[in-house]
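A.B. asks: Here's a sequence, model it:
(one chain, ligands or ions: 1)
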Amino acid sequence: MRAVLIIGTILILFISTLSVRDAHAQETDPYQERMKLYKKVETITQIPWYYLAAIDQYERSVRLARRDLPKADGVIGIYFRPEVWAGLTNPNPNEENPAVIQFFNGLGVDGDGDGKASLKSDEDVLYAFAHYLLSYGVDPDNLKIGLWNYYHRDRTVGIIAGKAKIYRQLGRLDLDKRVFPVPLYSNHSYRSTWGDARGWGGRRIHEGTDIFANYGVPVRATAYGIVEMKGWNKFGGWRIGIRDINNTYHYFAHLSGFAKNLQVGQVVEPGMVIGGVGSTGYGPPGTSGKFPPHLHYGMYKDNGITEWSFDPYPHLAQWKRLERIELRKTKSSR
Ligand SMILES: [Zn+2]
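C.D. replies: Alright, predicted model coming up:
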C-alpha cells in the first residue's frame, strides 16, 4: 500500500513538471526571444543584429563542444568568466554593482536597467559584449578588429564573420535543417568506415564516410552554411568545404566538378546542388578514375581552440531518416 502511494506521488510530481514544461515551451520560442534581444541591442548600439546573432551562436556552439565551460542557462549563449565580468583585480568575482565593476575594468554592464550587472540576465550579457565592441566601432572592419582583440584567433573571427553573412542574407535564426548529401532517389550505398585504414581520402586514418554513387549524381549542401573552401587537393581531388552555424565544417571530396557559379563566401541552403559525384584525386589537377566514383564526406568541429574530425555516419543516417519522413509528409499533404 505504502509503495503504491509513493509511486503514485512520484507519478503525479512527474506529470505536473511535464505540463509546466510544456506550457513554458509554448510561450517562449528561443529564436523569437533571441531575435528580440538582438534587435533591441542593435537599436541602442548600432551594432547589426546579425553580428550579435553570429557571436551568440558561435559561443553557444563552443560551449556545447567543450567540457570546461558551463552550459548556457538562458537564451543567450555568450559566456563571460565571472572574474572577467567583475574585473580581474576585483576581490569579489560575483560583483553585480555596475559602478564597482567599471572601477575594476570588468566587462559587466547593466543592460536591462534593473541597476545590477548580472551574469544571469540575458540582456546584461548580450549588451556587455556589444558594449565591449562599441569601443572599436560598428562597421564590419572595426567589428572584426574588436573580435580579434577579444578572441586572439583568426579562425574565430572568420567563423563569426561567416555566420553574420548567413544571418544577414537569410534574415532568420532557425537554420537547423539538414539533408542527406545525395538525392534519396539516387542509387547509392554507404556504410560506417570511420577510422579504417587510409582509403581514398589522403589522411592517415579514414576521416569520413564514403558514399558510393554513379558518376555525376548531384552532391548537395547538407546544412545552411557558407562555402569556406573550393579547389583541388592532391588526394581529395575537387573538393568543397562548408561551415554551418554550429561551427561544424562539412567536407565534400572527389567531386566530378562544381555547380556553376559556386563561390567561396557564398551562403548555401540544405539541398542546394554544389557539385557532382566523381572520382577525382590522387594526382595533379584533373586526375580522375583511379578508384570507383564516390563522395567522401567528412565532418570537423571547431571548439574555439582547435578543430577535430568526428564520425559523420550516425548523422548521415539520421538526416536520411528525417528527410524521408519530411518527404512523406509533403506527399500526403498534396
Ligand atoms: Zn573517403
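A.B. asks: Phi first, then psi, for Gly108.
C.D. replies: Dihedral angles of Gly108 (phi, psi; degrees, to the nearest 10) stand at phi -70, psi 140.
A.B. asks: So what's the residue count around it?
C.D. replies: Neighbour count of Gly108, defined by other Cβ atoms under 10 Å: 30. Yep, even glycine has a C-beta here, placed from its N, CA and C like the rest.
A.B. asks: where do the strands sit along the stretch 1-150 of the chain?
C.D. replies: With DSSP state E, counting those that start in this stretch, there are no strands along the stretch 1-150 of the chain.
A.B. asks: What residue in it comes nearest to the ion?
C.D. replies: The ion sits closest to Ala65 of the stretch 1-150 of the chain, with a gap of 23.6 Å, by Cβ to the ion.
A.B. asks: Could I get the contacting residues of that residue?
C.D. replies: 247, 301-304 (Cβ atoms under 8 Å, 6 or more residues apart in numbering).
A.B. asks: nearest to the ion, of those residues?
C.D. replies: Lys301 (18.2 Å).
A.B. asks: Once you drop chain neighbours, what's closest to the residue positioned nearest the centre of the chain?
C.D. replies: What sits nearest the mean C-alpha location of the chain, by Cα atoms, centre = their mean, is Asn246, with 0.8 Å. Nearest in space to Asn246, with sequence neighbours left out and distances taken as Cβ to Cβ, 6 or more residues apart in numbering, is Ser61 at 4.7 Å.
A.B. asks: Which parts of the chain are helices?
C.D. replies: Assigned by DSSP state H, the helices in the chain fall at 2-27, 30-45, 49-65, 82-86, 98-103, 122-134, 140-151, 154-170, 313-332.
A.B. asks: and the fifth one, average pLDDT?
C.D. replies: Averaging the model's pLDDT scores along helix 98-103 yields 97.
A.B. asks: From Val109, how far out is Gly115?
C.D. replies: Distance of Gly115 to Val109, computed by Cβ to Cβ, to the nearest Å: 12 Å.
A.B. asks: and for those two, which residues touch both?
C.D. replies: Listed as contacting both Gly115 and Val109 by Cβ under 8 Å, 6+ apart are Pro98.
A.B. asks: and these two? which has more neighbours close in?
C.D. replies: Between Gly115 and Val109, counted using other Cβ under 10 Å, Val109 has the larger neighbour count: 18 against 10.
A.B. asks: so what's that one up against?
C.D. replies: Each residue near Val109 by Cβ under 8 Å, 6+ apart is listed here: 98, 101, 117, 124, 127-128, 131.
A.B. asks: Counting neighbours, what do you get for Thr89?
C.D. replies: By other Cβ under 10 Å, 10 other residues sit near Thr89.
A.B. asks: Ala130 now?
C.D. replies: Neighbours of Ala130 using other Cβ under 10 Å come to 23.
A.B. asks: Count the residues that sit near the residue nearest to it when sequence neighbours are not counted.
C.D. replies: Closest residue to Ala130 apart from its sequence neighbours, by Cβ to Cβ, 6+ apart: Thr45 at 4.5 Å. Number of residues near Thr45 (other Cβ under 10 Å) recorded here: 17.
A.B. asks: State the pLDDT value of Thr45.
C.D. replies: 96.
A.B. asks: Bridged to the residue of the chain found nearest the ion, which residues?
C.D. replies: Residue nearest to the ion within the chain (Cβ to the ion): His296, separated by 3.3 Å. His296 has these beta-bridge partners by DSSP bridges: Asp210, Ala253.
A.B. asks: And for it, the neighbour number?
C.D. replies: Using other Cβ under 10 Å as the criterion, His296 is surrounded by 27 other residues.
A.B. asks: Okay, now the unreliable bits of the protein?
C.D. replies: Flagging of the chain using pLDDT under 70 yields the residue ranges 1-27, 197-204, 334.
A.B. asks: Can you give me the domain assignment for it?
C.D. replies: As recorded under automatic domain parsing, the domains making up the chain are 30-170, 188-332.
A.B. asks: Out of those domains, which is closest to Asp176?
C.D. replies: Of all these, domain 188-332 sits nearest to Asp176, with 8.1 Å by Cβ to Cβ.
A.B. asks: From the opening residue of that closest one to its closing one, how far?
C.D. replies: The first and final residues of domain 188-332 sit 25 Å from each other (Cα to Cα, to the nearest Å).
A.B. asks: for stretch 123-142, same thing?
C.D. replies: End to end - Cα to Cα - stretch 123-142 spans 23 Å.
A.B. asks: How about stretch 298-315?
C.D. replies: 11 Å.
A.B. asks: And it, how far out from the chain middle?
C.D. replies: Computed by Cα atoms, centre = their mean, to the nearest Å, the chain-centroid distance of stretch 298-315 equals 11 Å.
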